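# starting from these lines, generate the structure:
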Amino acid sequence: MRDMAQSVFMAGVLIGAVVFGRLADRFGRRALLIWSYLQMGIAGTCVAFLPTFSCYCVFRFLTGMAFSGVQLNTISLILEWMPPQWRTLAAILPGQSYSLAQVILAGFAYGIREWRWLQFTMSAPFFLFFVYSWFLPESARWLILNNRSSEAVAILRKAAFINGKQEEGEQLTVEIVESQIKGESTLRPSTSILDLVRTPGMRRISCRLMFIWFSTSLGFFIIATELQGFGISIFLVQVAFGVIDIIGKQASFTALDCLGRRPTVAFNLIFAGLLIITNIFVPPEIPTLRTLLATIAKGSLAGAFTCLFMFSGELYPTVLRQTGLGFHSMNARIGAIVAPVVRMTSNYVSFLPAVIIGTAAIVAGAVVCTLTETHKRPLLDTVEELEHRSRRKPQPG
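As a prediction, this is how the structure comes out:
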């Protein structure tokens, strides 16, 4: 029943990635973030008091959907508000917070042994986040692209005032902010997920990212499951996962700022793949070395995951950013769903799962090298801009 509930939760995360990603491009990042916090608070709190397993699964599904909404809208608001030089730091901080929360959750679970009270304790704060989210500004880029330039100007003036640039803020006009968005006259709202593959430039990005996200998730969840079978307590596993992820993400942050997005993601994936395949040749009589290699590989994949959220968001234009992130988050969940099936191949050949995920990670790292570098470059806002860049500078490979 526990495994079934976890599968239902992951299904909610998958569906939420598609639904909330699409809706955020239509109704705005802020509105969907507010709704996601409210849904997370209500559904998570109800889970603690429901009397039947079927009801429990329904609300866990809703919690999974809300989780996707919070995750995707947070990264989009960060990318669309931050200037290029601060974008890396701002995008890495939520990833580090996620890993730190794993450690904190382990501490709460150790102290609160009754699962219902633990569930309530972890869910109630989302009502505070719901209230606080009302004070967050909508993406000015999204407002301008949806013919709400006057609202964008008001928000930008407020931001200028907070940052001590009141004089510059007063000089902003609707005409000035609209002039920063190219192709506005040809902009049309996204109508379906097919917009991700409708034009050549979008098609190249989407197809490559599909494979990259799937391969990263597949390897991450298989290694995470394997590490849980090494005979140590769940508490220590959860703490170790959090610490490993923090180290991996911090190393990735440093590389992102120094080397750029493309080499950082590619290195993380190829390095993890090589470690996984190397582990095949380590004798079972040396479990410490096998555990160490698997742990480092998981940290490297965690770093790749964090980088992919930012890299993918920077590759897509504003009008389709949430749709793209939602679609690829769905690909990642499919990788998590396929992971148990790949693990079952060890019943026939013991090292086959390692060969599959190791090879997939290496190939995914090679595919990353064919994407456009986005480090310290301005975000694209329209599909027309993306296609223009694609024609002006063809993508490698």
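
# what about the strands in the stretch 251-397 of the chain?
Counting by DSSP state E, counting those that start in this stretch, the stretch 251-397 of the chain has no strands at all.

# which residues of it score low on pLDDT?
Low-confidence segments of the stretch 251-397 of the chain (pLDDT under 70): 392-397.

# show me the helices in it, by range?
Here the stretch 251-397 of the chain has its helices, by DSSP state H, counting those that start in this stretch, at 261-280, 287-315, 321-344, 352-368, 383-392.

# so the fourth one versus helix 261-280, what angle?
Angle, helix 352-368 to helix 261-280, by axes from the mean of the first three to the mean of the last three CA atoms, to 10 degrees: 160 degrees.

# now the angle from whichever strand or helix holds Lys249 to helix 287-315?
Assigned by DSSP states H and E, Lys249 belongs to helix 234-259. Note on geometry: by the same axes, to 10 degrees, helix 234-259 and helix 287-315 are set 50 degrees apart in direction.

# what helices or strands is helix 234-259 leaning on?
Where contact means 3 or more CB pairs under 8 Å, 6 or more residues apart in numbering; DSSP states H and E, helix 234-259 is packed against helix 84-111, helix 200-227, helix 261-280, helix 287-315. Every residue, glycine included, has its C-beta placed from N, CA and C.

# can you pull the buried residues of the last one?
I take that to be helix 287-315. Buried positions in helix 287-315, judged by neighbour count with 16 or more other CB atoms under 10 Å: 290-291, 293-315.

# with stretch 75-89 instead?
Ile75, Ser76, Leu77, Ile78, Leu79, Glu80, Trp81, Arg87, Thr88.

# next: stretch 23-30.
Judged by neighbour count using 16+ other CB under 10 Å, the buried positions of stretch 23-30 are Leu23, Ala24, Asp25, Gly28, Arg29, Arg30.

# tell me which entries of these lie within helices.
Leu23, Ala24, Asp25, Arg29, Arg30 (DSSP state H).

# centroid-nearest residue for this structure?
In the chain, the residue lying closest to the centroid (CA atoms, centre = their mean) is Phe309, at 4.3 Å.

# once you drop chain neighbours, what's closest to that residue?
Excluding its sequence neighbours, the residue lying closest to Phe309 (CB to CB, 6 or more residues apart in numbering) is Ile75, at 5.0 Å.

# now the helices and strands packed on helix 234-259 as CSV including distance to Phe9?
CSV is the format used below for the helices and strands packed on helix 234-259 (distance: least, CB to CB, whole Å):
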stretch, distance to Phe9
helix 84-111, 15
helix 200-227, 13
helix 261-280, 25
helix 287-315, 18
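
# host element of Ile144?
helix 140-145.

# if we can go back for a sec, which one, of the helices and strands packed on helix 234-259, ends up nearest to Thr359?
Thr359 lies closest, by CB to CB, to one member of the helices and strands packed on helix 234-259: helix 261-280, at 6.8 Å.

# wait, what's in contact with the residue nearest to Lys376 when sequence neighbours are not counted?
Leaving aside its chain neighbours, Lys376 sits nearest to Pro84 (4.4 Å; criterion: CB to CB, 6+ apart). By CB atoms under 8 Å, 6 or more residues apart in numbering, the residues touching Pro84 are His375, Lys376, Arg377, Pro378.
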